[in-house]
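Q: Generate a structure from the sequence data that follows.
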Amino acid sequence: MSNSISKIPISLSWSGGKDSAFALWKLQNDSRYEVTRLHTTLGEQTRRVGMHGIHEDLIQAQAEALGIPLDRIYYPASGDNVAYEKAINKYLDSLGELGVKHIAYGDIFLEDLRKYREEKLAERNFQAVFPLWKFNTQALAHEFIAAGFKTKICAASAELINENQVGIDFSEDFLESLPELVDPCGENGEFHSFCYAGPVFARPLDIYLEKVLSQTYQIPLENGTIQQKKYWFADIRISNSGF
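A: Residues are numbered from 1 along each chain as shown. The predicted structure follows:
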């Protein structure tokens, strides 16, 4: 009779960025869990990951290099949170049928977001797991680089990040160039990334930067006014691919 204890199956919320990749690495080195699935939320029309701007073909390429099944969750462009939660709940139904009742996230210190995730999952008898929670983001950024992960800056606030920094690697030089008010892991949404190599990948992705694009959004403020915010997006492509 075996004395081994079965690991808890878990689905990891996968944005394609460094925090997702690092959370996966932490989970794979945690004897309590087994990451059996990845899931990514994508715009129904754009087929891209939210503020990352990464196309689903790139996310699928990551999953294949990771050797983990990827589930895609599409949500409407209306921004209706009810519709978004409906899509998530439908996914939770499918996970429950597979016996998966734990969801992991790469969040580090956003308390409100963690509370929201935990409360919504608890309503469905699911449990949230946060492998990177309360890590020092400066130390985490250096550890990520030292571990051999390779990731490119794929989106950033134009107010905080220069256009020529979009599409480059997340590196020690990049960290040194950041203004003091920017979190080293971009935890406040200052920038986002796309991970293409590292210890969790069976092979690196062969990618290149096609161009840098800009997009301006209208953000409603509490005082009733509208603020315009400009973001840079890296148009990242896979070599020898139709995309």
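
Q: Could you list the buried residues of the longest helix seen in the chain?
A: For the chain, the helix with the greatest residue count under DSSP state H is helix 81-97. Judged by neighbour count (16 or more other C-beta atoms under 10 Å), helix 81-97 contains these buried residues: 88, 91, 92, 95. C-beta coordinates here come from the backbone N, C-alpha and C atoms, glycine included.

Q: where does the protein have low pLDDT?
A: 1-4, 78-80, 240-243 (pLDDT under 70).

Q: try 50
A: 1-3 (pLDDT under 50).

Q: can you give me the strands in it?
A: Ranges of strands in the chain, per DSSP state E, are 8-13, 33-43, 48-49, 54-55, 70-75, 102-104, 127-129, 150-157, 191-197, 207-220, 226-238.

Q: is it possible to export the ones you listed to JSON lines including distance to residue 183 and mean neighbour count?
A: Below are the strands of the chain laid out as JSON lines (distance: least, C-beta to C-beta, whole Å; neighbours: other C-beta atoms under 10 Å):
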{"stretch": "strand 8-13", "distance to residue 183": "19", "mean neighbour count": "21"}
{"stretch": "strand 33-43", "distance to residue 183": "22", "mean neighbour count": "19"}
{"stretch": "strand 48-49", "distance to residue 183": "20", "mean neighbour count": "20"}
{"stretch": "strand 54-55", "distance to residue 183": "20", "mean neighbour count": "24"}
{"stretch": "strand 70-75", "distance to residue 183": "26", "mean neighbour count": "16"}
{"stretch": "strand 102-104", "distance to residue 183": "21", "mean neighbour count": "23"}
{"stretch": "strand 127-129", "distance to residue 183": "22", "mean neighbour count": "18"}
{"stretch": "strand 150-157", "distance to residue 183": "12", "mean neighbour count": "24"}
{"stretch": "strand 191-197", "distance to residue 183": "9", "mean neighbour count": "26"}
{"stretch": "strand 207-220", "distance to residue 183": "19", "mean neighbour count": "12"}
{"stretch": "strand 226-238", "distance to residue 183": "16", "mean neighbour count": "17"}
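
Q: Which among these is found nearest to residue 61?
A: Proximity to residue 61, assessed across these by C-beta to C-beta, is greatest for strand 226-238 (5.7 Å).

Q: how far off strand 207-220 does the closest one point, in degrees?
A: 160 degrees (axes from the mean of the first three to the mean of the last three C-alpha atoms, to 10 degrees).

Q: tell me what strand 226-238 is packed against?
A: helix 56-66, strand 150-157, strand 207-220 (3 or more C-beta pairs under 8 Å, 6 or more residues apart in numbering; DSSP states H and E).

Q: could you redo the last one with a cut-off of 6 Å?
A: Helices and strands touching strand 226-238, as assessed by 3 or more C-beta pairs under 6 Å, 6 or more residues apart in numbering; DSSP states H and E, comprise strand 150-157, strand 207-220.

Q: Since that was my last question, I'll sign off now.
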